[in-house]
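Peer 1: Build me a model from this:
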Amino acid sequence: MLSSFSPVRRTRRAVALAVLGGLATALTACGAPSPPAAAPGDEPVRVGVLQIAQAALLDSTVGRFRQRLTELVAPRRVEFEVQNANSDQSLIASITRDFARSDDDLFAVIGTPAVIALAQQVTNRPVVAIAMGDPVGAGVAQTLDRPGGNVTGSTDFVEPAELLPTLTGATPRPDRVGTVFDPSNQNMAVWTRALHAAGTAAGLDVVDATISGPGDVASAARSLAGRSDAILIGPDATVVAGLDAVGAVAAQAGIPTYVVGGDATIPGVLASIGPDYAQVGVQAAEAAQAVLRGTPAAEVPFTRPQGVRLEVNGSVQTALGIRFPPDVQSAATVR
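Peer 2: I've put the predicted structure just below:
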């Protein structure tokens, strides 16, 4: 369950400590023994979590991060303060300011714009990015192997050139591939440029449909009908949060639609292709554990995704009459 963030926690904590201190003094004065002081390890780890949007993929990735970090830190407790920005830039700014004033030990963030915003507000505590596309290009790390600042974590960038063979190997083969993305997201700008380059090399035309916010996802997807033979949605958190709208357009237009790491069970979506996001969440937790054990975030390498997975929506595949090569079909998970 998501918990709400309280910027007055530091004050309440200080008041509670003062009351306990006064009580101990009074008991000593009355001849009673003083209560034992809490061991440093008894203090819970406090983690502020910022999720850029509400979506099943993001929820599950953050959930796996929280679960694994709790396991790694045990028997010490972990208290998570989870905030969801609902793809609202003003809300991102408000949450990051509140987090900067908190007494959290560490922060975890999913969504590139949210990582950048928090890194600008918090420079004296570690920030763990979960499933970030291009930390170097976004300006929060010097290199993936040695970030050099206070941001580390896991990445989810898979070269489009590794994904397109699945699309081009399908029958019927598409000649035009459409994509929907937010150009203000630095990571998506990098990913889309790579998609265009990979498309050219594969003999495909890549058709762009851009958005400026969540409300544009449906209309951008509709604009691809008649201009594309297949749709490939990249790792854009805002678009993934609106994947229901993309799936509805795809179902109506009969367009095979793939999403990088998204939910293959959404009506209209043919397949999810990309990294194992549960593992990406685990990798971020391992980076967080390394920081909590004393390694500076500047020296904790960003992890890379391990392999590419294909999950196919069986009913959509049947309805569209899409056929994959036997080796691809046999390796896929059919939902």
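Peer 1: hey, where'd the helices end up in the stretch 151-300 of the chain?
Peer 2: Using DSSP state H, counting those that start in this stretch, the helices found in the stretch 151-300 of the chain span residues 160-168, 186-201, 217-223, 237-241, 243-253, 277-292.
Peer 1: With only the CA atoms kept, save the fifth one in PDB.
Peer 2: Yep, that's helix 243-253 we're talking about. These are the backbone C-alpha positions of helix 243-253, laid out as PDB (Å, rounded to 0.1, in the frame of the first residue of the first chain):
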ATOM      1  CA  LEU A 243      -1.000   2.000 -22.600                       C
ATOM      2  CA  ASP A 244      -4.700   1.200 -22.400                       C
ATOM      3  CA  ALA A 245      -5.400   4.000 -24.900                       C
ATOM      4  CA  VAL A 246      -2.700   2.800 -27.200                       C
ATOM      5  CA  GLY A 247      -4.100  -0.700 -27.100                       C
ATOM      6  CA  ALA A 248      -7.600   0.500 -27.800                       C
ATOM      7  CA  VAL A 249      -6.400   2.300 -31.000                       C
ATOM      8  CA  ALA A 250      -4.300  -0.700 -32.000                       C
ATOM      9  CA  ALA A 251      -7.300  -3.100 -31.600                       C
ATOM     10  CA  GLN A 252      -9.600  -0.800 -33.600                       C
ATOM     11  CA  ALA A 253      -7.000  -0.300 -36.400                       C
END
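Peer 1: any weak-confidence spans in this protein?
Peer 2: For the chain, the stretches with pLDDT under 70 are 1-41.
Peer 1: How about the secondary structure of the closest residue to residue 122 other than its chain neighbours?
Peer 2: Nearest-residue entry for residue 122: residue 100, 5.1 Å, with adjacent residues in sequence omitted and distances by C-beta to C-beta, 6 or more residues apart in numbering. In short, each C-beta sits where N, CA and C put it, glycine included. Three-state assignment for residue 100 (DSSP: H, G, I helix; E, B strand; the rest coil): helix.
Peer 1: of all the helices of the stretch 151-300 of the chain, which lies closest to residue 322?
Peer 2: Checking the helices of the stretch 151-300 of the chain against residue 322 by C-beta to C-beta gives helix 160-168 as the closest, at 10.1 Å.
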